[in-house]
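Enquirer: Task: produce atomic coordinates for the following.
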Amino acid sequence: MSTTIDTAIERDENPAALLSPDVTTGPTPTPHRRHRLRKALLIMRTSIVVLILLAASVAGGTHIVRQRLADRTLVDAGTAVLTAEPITVGSADAAVVTRVLTAERKSVTAGAVLATITLTADGRAPRVQELHAPAAGVITKINVTPGQIARAGEPIVTLYDPAELAFQVDVALETLRKLRLGMTAYVTGPGLSGRIATTLEQVEPKVDTGQPTATPDRLTVVLRPDPAALATVRTLVPGLQFDVVVDTTTAVGRTPAVNSA
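Expert: Numbers count the residues shown, from 1 in each chain. Down below sits the predicted model:
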C-alpha cells in the first residue's frame, strides 16, 4: 500500500482517493485554472458595469427628451390675477346708513341682513329699510359707513360669489395664436401648495374706446378653475397674482383663442 501511495504522489494524483475509494474529491485547481477563473469573473463584472452605465444613459436621455417635449407643449401665458364679479347692494333712493351688520371678508348666506338704512326722499316721513344679500358670498367692501348718506344707486356693501372666481391674464397676440378655447392651463402662486388646473374659457373682446392703451397687442384671457380646484380657490383673496402655463396638447381641434375675441 505504501508503495502505491508513493507512486500516486509521484504521479501528482490524490493519495486520499486510494485510502478512501468511496469518497469523491474534486481535482485541485491548478494555477492556470485559477487564473482563467479570475479572468472570467473580471470580464463578467466589467460587462455588468457597462450594462448599468448604458441603462443609466438611456434613462437619462429619455428624461431629457421628455422634458424638452414638455417644454415645447407648455406655453408661458404670463401673470394672472384672481378676479371676482362684484355684487353690489344699495338703495334706489338716497338714504342714511344707520347700521352695518357685517364686515369685510365675512361670508354671508343669501338673504342675510347686511345693513339698515333710513330713507328720507320726497319729503316723506323717514322709513327704515333692511338691505339683504342677494346671494351667498364674501363681503369685500363696506362702501358707506353708519351715519353717512348713500346716494341713490350707490353701493353700500359689495360682495362676491366665491363659486364664480376666475383668473384673468393679459396674453400677447403672438402667444394667443398658439392657444385654443378649452385648453388646460396650470396656475401656481401664493396660497397654493402646488399647481391647480383651470380651463381656458374665453377671450374678452377688445373694446375700442378711442384712447391709447398700455397693452394694445394683448387680449385678456379668462381661466375658469376646474371643479376639483374650487375648494382651494375659494380660500384665495381676489387681486392676488399667479403664474400661468398652458398645455397646448389639450383641446385639439377646438376654436383658436385668437378667433374668439
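Enquirer: Every contact and neighbour count from this point should use C-alpha atoms.
Expert: Will do.
Enquirer: what's in contact with stretch 200-208?
Expert: With C-alpha atoms under 8 Å, 6 or more residues apart in numbering as the contact definition, stretch 200-208 has outside contacts at 180-185, 219-224, 257-258, 260-261.
Enquirer: rerun at 7 Å
Expert: Outside stretch 200-208, the residues that touch it by C-alpha atoms under 7 Å, 6 or more residues apart in numbering are 181-185, 219-224, 257, 260-261.
Enquirer: just those residues now: which is nearest residue 92?
Expert: Looking at those and their distance to residue 92, the nearest is residue 222, at 32.2 Å (C-alpha to C-alpha).
Enquirer: Each with direction, which strands does the helix or strand residue 131 falls within pair with?
Expert: Assignment of secondary structure by DSSP states H and E places residue 131 within strand 127-132. Strand 127-132 has its sheet partners listed here by DSSP bridges as strand 113-119 (antiparallel).
Enquirer: any idea what sits nearest the spatially most central residue of the chain, other than its immediate chain neighbours?
Expert: Within the chain, the residue whose C-alpha comes closest to the C-alpha centroid is residue 195; the distance, by C-alpha atoms, centre = their mean, is 1.5 Å. Nearest residue to residue 195, sequence neighbours excluded (C-alpha to C-alpha, 6 or more residues apart in numbering): residue 188, at 4.7 Å.
Enquirer: Surely the one you found touches residue 240?
Expert: No - applying C-alpha atoms under 7 Å as the test, residue 188 and residue 240 come out as separate, 11.2 Å apart.
Enquirer: ok, back up a step: give me the buried subset of the contacts of stretch 200-208.
Expert: Among the contacts of stretch 200-208, the ones that count as buried by 16 or more other C-alpha atoms under 10 Å are 181, 182, 183, 184, 185, 219, 220, 221, 222, 223, 224, 257.
Enquirer: Could you verify my assumption that the residue nearest to the centre of the chain touches residue 184?
Expert: No - the criterion here is C-alpha under 7 Å, and residue 195 misses it with residue 184 at 11.9 Å.
Enquirer: Isn't residue 246 up against residue 188?
Expert: No - taking C-alpha under 7 Å as the contact criterion, residue 246 and residue 188 are not neighbours in contact, 11.8 Å apart.
Enquirer: Comparing the two, which residue is more hemmed in?
Expert: Neighbours around residue 246 and residue 188, counted as other C-alpha atoms under 10 Å, are more numerous at residue 246. The numbers are 24 against 18.
Enquirer: Wasn't residue 44 part of a helix?
Expert: Yes - judged by DSSP: H, G, I helix; E, B strand; the rest coil, residue 44 forms part of a helix.
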